[in-house]
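# Give me coordinates for this.
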Amino acid sequence: YLATLGEQHPDTAWTYNNLGNTYSSKGEHDKALQMHEKVLQIRLAALGEQHPSTATSYNNLANVYFGQGQHDKALEMYERALQITLATHGEQHTSTAATYHNMGNACYRKGEYNKALQMYEKALQIKLATLG
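Numbers count the residues shown, from 1 in each chain. Model prediction:
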């Protein structure tokens, strides 16, 4: 992809995204963060802030922070992903539900159980409405 499409092409970003996800799965969080930060910069430049793929980048960064135990930083990234997802897909979308669910996990890990319950309940309501 680099030779054909260049460093700043969205398809190149997908390859970096896959590298980031793989590093994260291996527990190599620093390398995962580097890849996902690169993906975010490419997507911001090529697609803009209000694009579903940009929301995915924020979500993936949040997942890495979550894996590192940096739950406040994870919540910050999940919140950015949520705002984009709400703007692009609306409240009643499975991507919105997934983001609420992830936010619930981070709140749970922080010991903020009431907030976690709120996030999980939002996710459940959306899933029931959209998936039955």
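# Let me see the contact set for the spatially closest residue to residue 75 that is not a sequence neighbour.
Spatial nearest neighbour of residue 75, excluding adjacent residues (Cβ to Cβ, 6 or more residues apart in numbering): residue 106 at 4.9 Å. C-betas here are computed from N, CA, C, even on glycine. By Cβ atoms under 8 Å, 6 or more residues apart in numbering, the contact list for residue 106 reads 62, 66, 71, 74, 75, 78.
# Just want the phi and psi numbers for residue 106.
phi -70, psi -40 (degrees, to the nearest 10).
# and it, what pLDDT?
If you check residue 106, the pLDDT there is 98.
# Dump the contacts of residue 106 to a markdown table, plus pLDDT and neighbour count.
Formatted as a markdown table, the contacts of residue 106 follow (pLDDT from 0 to 100; neighbours: other Cβ atoms under 10 Å):
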| residue | pLDDT | neighbour count |
| --- | --- | --- |
| 62 | 98 | 28 |
| 66 | 97 | 21 |
| 71 | 98 | 20 |
| 74 | 98 | 26 |
| 75 | 98 | 24 |
| 78 | 98 | 31 |
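# Format the residues you listed as TSV; extra columns: secondary structure.
TSV is the format used below for the contacts of residue 106 (DSSP: H, G, I helix; E, B strand; the rest coil):
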residue	secondary structure
62	helix
66	helix
71	helix
74	helix
75	helix
78	helix
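# With distance to residue 121 as extra columns, can I get those in a markdown table?
Shown next, in a markdown table, are the contacts of residue 106 (distance: Cβ to Cβ, whole Å):
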| residue | distance to residue 121 |
| --- | --- |
| 62 | 20 |
| 66 | 20 |
| 71 | 19 |
| 74 | 20 |
| 75 | 17 |
| 78 | 16 |
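# Could you single out the nearest of the residues you listed to residue 128?
Nearest to residue 128, judged by Cβ to Cβ, of these is residue 78 at 21.3 Å.
# Tell me if I'm right that residue 24 and residue 67 touch.
Yes - judged on Cβ atoms under 8 Å, residue 24 makes contact with residue 67 at a distance of 6.2 Å.
# Give the residues shared as contacts by the two.
Each of residue 32 lies in contact with both residue 24 and residue 67 under the rule Cβ under 8 Å, 6+ apart.
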